[in-house]
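In: Quick one: sequence and predicted model below, then my questions.
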Amino acid sequence: MSVSDSISVIIKSNEADSVRIQKLLVLFHQYKNREPEQALKAAESAYRLASEKNLDFYIAKSLGFMGTANYSMDRYTEALEQYLAALQIYEKLGRKREQGVILTNTGNIFLDQELPDQAFFYYHKALDIDRELKSDRDIVMDLMNISSAYSVTPRSDPSFRVRIDSAFQICAQALQMSVALKDTFMFSQCLANIGIIEYEQGKPDTTLKDITAANRERTKEKLDSALRHIKDAEKLFQIYDIESNLGVLYLSLGDIYLERKDLAQAIIYYTKALNEAQSVESIDDERLAFLGLSRCAEKTGNTTAALDYLKKYNVLNDTIFNIKSSRKQTQLLLNYELEKREVLQKAEQEKKEAIHLAELHRQRAQKNIFIVGFIIVFALSFIMIRLYRLKNKANIKLSEALEHLEQTQSQLIHQEKMASLGMLTAGIAHEIQNPLNFVTNFSESSQEIIHELNATADEAEKHQLMKELTMNIGKISHHGKRADNIIKSMLRHSHGSEEEKRPANINKLCDEFLVLAYHSIRASHPDFNCAIEKKFQEDLPKVNVMTQEITRVMLNLFTNAFHALKERQQKERNFSAVISVLTMTKNQFIEIKVRDNGSGIPLQIRDKIFQPFFTTKKSGEGTGLGLSISYDIVKAHGGTLTVNSQEDGFTEFTIALPV
């Protein structure tokens, strides 16, 4: 029986609401590790049923499970939103233990995305709750999490030394508690973590010009202690068959043995790390294992193997750069979600306070009116004046609350623009970094070839090395020109982004950004295909527009259309996606019509689509600002943006711009 069938059977049963919800959550647990997408369906069904019945505890529990499923599928913004919603309900219900679990999971999201400062906030809140509950095992886990957040600080950060020492002290505290608890699993994890931290502490400080004898002695002591702790942890993992991150353990051992110049042991552990990384598909650990093996081969004089490992390291390095670029975008989105939530909560609180104040004034006014009937006419006049003043103050408070809400909307729009700017910056950095990586790698390879040329007397080998050197120089030239072309293209693009109206060829802009939007959605959904129909009026006159703003509107409409087509294509097996773009002149206006044969827009929400923050997309996929901003841009040009749609038929947006 499929998950959907199981959900249907549970929903339709005559059992109590809480029993049905619990069965749906049990179904979630059955699928969460092997098929998280199916597990998410079960959790969403539990959430809908709990919401219908107003069962707050199960609403929160379902939200937490939905967050866990999305987290396992790397949907960090959705997971964050669901965790925070669950946390708010648990706080209202006073469920401390459940709050601790949600806080820890939220901290894990930020730590995974290398945002330790945000992770600290949630880990410390979880620690406070677990100390209140006197849950020693959870306290040990909280301390380890906080220690991990400190230890991810880059060595280039000025606060690295302070933070890595803090990580050591906190992990030592967790180690001491795990001994008292006689918990072998926690003890082994603390041993491994404290060994890895000690290795980071023991690395020589390359910023120092002169390494003193005291520094060398401290380095040796830390490396010896790190080796002892990590080896003890490795033995415990093997004896008790404990599943842990062995790849990081083996890499640390390889680095320590390399530092101690024990190349044989270093090679053994780098090889173990490589095998472990490939078995669990950890690209970062695999990359570092190749780098370690390259260094070992170089020190043993095997330059061919060293170069081969280095090339594999560089290939994975490009992949890691792409992952980090994506992570940077996720970091921006996570911070944006937090800021948006804080601003909205503050605005909502101020609105409630203003309404409460107005209600107090109203009640006070009613009391005064009642008293007026028992006093003289002079007192009646005085009280009426007082009531007028109170009412006026209440109106001022409500006006201020409304003004603050409008400012909040402006702030959120600004945050949307800043998040988009961050994504654009990450994309530009990636485009430039790739050719520069190739130039650097081939330059280093060429230097090694030159050294080999100077060292060999064999003519055949010299000839082969010269061929390799010639090829490397050609690659350097090719990728240098590639970087130059990227920069020139960016400069050309920047000239078209000035905020002033200029005559523009609308047909050309439509064609260019239609292709751009199609390639963009194909990049994230390679299986998506769509027929594109272009019906451009050949003698279309040029229009004075702010090019950057109008192309933003076009890109938004094209992207929305492709997403609507993708969603219908996923639901209907034999569906053929078609998008058509038409340009024409009509009554002193140029019209641009964007039509798709997607699912259409339901009649009941058609009047809301241009409202700020209204969106039909899933949480985390859109802010509801795209069409609102597009509407304002077209209106600022003296034009109109309208929509016509038929449910399960088509959607057609029309931009009209004055000639």
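Out: Yep, it's here.

In: Which stretches in the stretch 101-250 of the chain count as helices?
Out: Secondary structure of the stretch 101-250 of the chain, counting by DSSP state H, counting those that start in this stretch: helices at 116-133, 136-151, 160-181, 184-202, 213-239, 246-259.

In: let me redo that: the stretch 451-600 of the chain
Out: Applying DSSP H, counting those that start in this stretch to the stretch 451-600 of the chain gives helices spanning 459-495, 506-524, 547-571.

In: Quick check: which of these is buried the most?
Out: Highest mean neighbour count among those (mean count of other CB atoms under 10 Å): helix 547-571, with a mean of 20. For every residue, glycine as well, the C-beta is placed using N, CA and C.

In: related to what we said a few turns ago, can you tell which of the helices of the stretch 101-250 of the chain is closest to L557?
Out: Closest approach to L557 among the helices of the stretch 101-250 of the chain is made by helix 116-133 (35.0 Å; CB to CB).

In: quick one: contacts for N245?
Out: Contacts for N245 (CB atoms under 8 Å, 6 or more residues apart in numbering) come out as none.

In: got the phi/psi numbers for it?
Out: phi -80, psi 80 (degrees, to the nearest 10).

In: Please convert the helices of the stretch 101-250 of the chain to a markdown table, extending it with mean neighbour count and distance to Y313.
Out: Formatted as a markdown table, the helices of the stretch 101-250 of the chain follow (neighbours: other CB atoms under 10 Å; distance: least, CB to CB, whole Å):
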| stretch | mean neighbour count | distance to Y313 |
| --- | --- | --- |
| helix 116-133 | 18 | 26 |
| helix 136-151 | 22 | 23 |
| helix 160-181 | 18 | 24 |
| helix 184-202 | 22 | 20 |
| helix 213-239 | 16 | 23 |
| helix 246-259 | 23 | 13 |
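
In: How far does stretch 646-658 sit from its chain's centre?
Out: Its chain's C-alpha centre and that of stretch 646-658 lie 32 Å apart, by CA atoms, centre = their mean, to the nearest Å.

In: Just the C-alphas of it, formatted as PDB.
Out: The C-alpha coordinates for stretch 646-658 follow below in PDB (Å, rounded to 0.1, in the frame of the first residue of the first chain):
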ATOM      1  CA  GLN A 646      -9.400  30.600 -16.700                       C
ATOM      2  CA  GLU A 647      -9.000  27.800 -14.100                       C
ATOM      3  CA  ASP A 648      -7.400  24.700 -15.600                       C
ATOM      4  CA  GLY A 649      -7.100  26.600 -18.900                       C
ATOM      5  CA  PHE A 650      -4.700  29.500 -19.200                       C
ATOM      6  CA  THR A 651      -3.300  32.700 -17.600                       C
ATOM      7  CA  GLU A 652      -2.500  35.800 -19.600                       C
ATOM      8  CA  PHE A 653      -0.800  38.900 -18.200                       C
ATOM      9  CA  THR A 654      -0.900  42.100 -20.300                       C
ATOM     10  CA  ILE A 655       1.600  45.000 -20.000                       C
ATOM     11  CA  ALA A 656       0.500  48.200 -21.700                       C
ATOM     12  CA  LEU A 657       3.100  51.000 -22.000                       C
ATOM     13  CA  PRO A 658       2.500  54.400 -23.600                       C
END
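
In: If you count neighbours, what's buried in it?
Out: The neighbour-count check on stretch 646-658 (16 or more other CB atoms under 10 Å) flags 650-657 as buried.
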